[in-house]
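1. Predicted model and sequence below, questions to follow.
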Amino acid sequence: MYLQVDLVAYNNVLPLSLNSSYHGVIRGVRTSLVSRNKWIVLCSTTQVETSNEDPKTWEECKEALSCFDFSVEEKDKILGKAFGHIHSPYWTEERVKENPKVETLNQILEFLRSLGLSDEDLHKVMKKFPEVLGCSLEEEMKPNIGILENQWGISGKQLKNLLLRNPKVLGYNVDCKGDCIAQCTRCWVRF
């Protein structure tokens, strides 16, 4: 009897028993038999559904991330979360799936580098906040850096350290000023 696995991805699911033995792959998911008829997932790959508009685009964007030493699965997950192909609480329900564009991706990466972030720093930022690649450069990131510099007096090394600690600040686009409008993942009140 085989277990039907219909979920898209599993992340960091731990086995119930460290002494369990490997028993095979079912529909792309490695499984283990812990006790009679109880299968658990040990690992799986992230599957991202992309549009057929331009099949090369996704691969080109993954190539643009190659200097950051991510695995193929990590690149898919980062792009998937950034562009609405994988659900992310950051976007809530409003993110429409879109295909990333290499030019836009490179503009965002160059902007982040101009803030003093090295490739190693960008790796950390994208690990913490992959959605950064899907944020609007002109409508969110640049104005937010302006707010940090002009209103909060944060620039230079302090700005770099802030972005490493809390990269979501790059995508804040709501300021409810304490009168909650239920967009907390993107609200300046959290800052």
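-> Sure thing, it's come through.
2. Low-confidence stretches in this structure?
-> Scanning the chain with the threshold set as pLDDT under 70 gives 1-55, 174-191.
3. which residue ranges form the helices in it?
-> For the chain, the helices defined by DSSP state H occupy 55-64, 72-82, 102-114, 119-128, 142-150, 156-165.
4. and the angle from the last one to helix 142-150?
-> With axes from the mean of the first three to the mean of the last three C-alpha atoms, to 10 degrees applied, the angle from helix 156-165 to helix 142-150 works out at 130 degrees.
5. Most tightly packed of the helices of the chain?
-> With neighbours defined as mean count of other C-beta atoms under 10 Å, these peak in mean count at helix 72-82, which reaches a mean of 22. To be clear about C-beta, it is placed using only N, CA and C from the backbone, and glycine gets the same treatment.
6. where's the nearest residue to Ile86 once chain neighbours are set aside relative to Gly156, distance?
-> In this structure, Ile86 finds its nearest non-sequential neighbour in Gly80, 3.6 Å apart by C-beta to C-beta, 6 or more residues apart in numbering. Counting by C-beta to C-beta, to the nearest Å, the gap from Gly80 to Gly156 is 33 Å.
7. do the same with Gln107
-> For Gln107, the distance to Gly156 - C-beta to C-beta - is 22 Å.
8. can you redo the helices of the chain as JSON lines with distance to Gly171?
-> Below are these laid out as JSON lines (distance: least, C-beta to C-beta, whole Å):
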{"stretch": "helix 55-64", "distance to Gly171": "18"}
{"stretch": "helix 72-82", "distance to Gly171": "10"}
{"stretch": "helix 102-114", "distance to Gly171": "11"}
{"stretch": "helix 119-128", "distance to Gly171": "11"}
{"stretch": "helix 142-150", "distance to Gly171": "8"}
{"stretch": "helix 156-165", "distance to Gly171": "11"}
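9. List the contacts of Leu137.
-> Neighbour list for Leu137: Thr104, Gln107, Ile108, Phe111 [criterion: C-beta atoms under 8 Å, 6 or more residues apart in numbering].
10. Repeat that for Trp91.
-> By C-beta under 8 Å, 6+ apart, the contact list for Trp91 reads Gly84, Glu131, Gly134.
11. how close does Cys135 sit to Leu162?
-> For Cys135, the distance to Leu162 (C-beta to C-beta) stands at 16 Å.
12. Actually, Lys56.
-> Counting by C-beta to C-beta, the gap from Lys56 to Leu162 is 36 Å.
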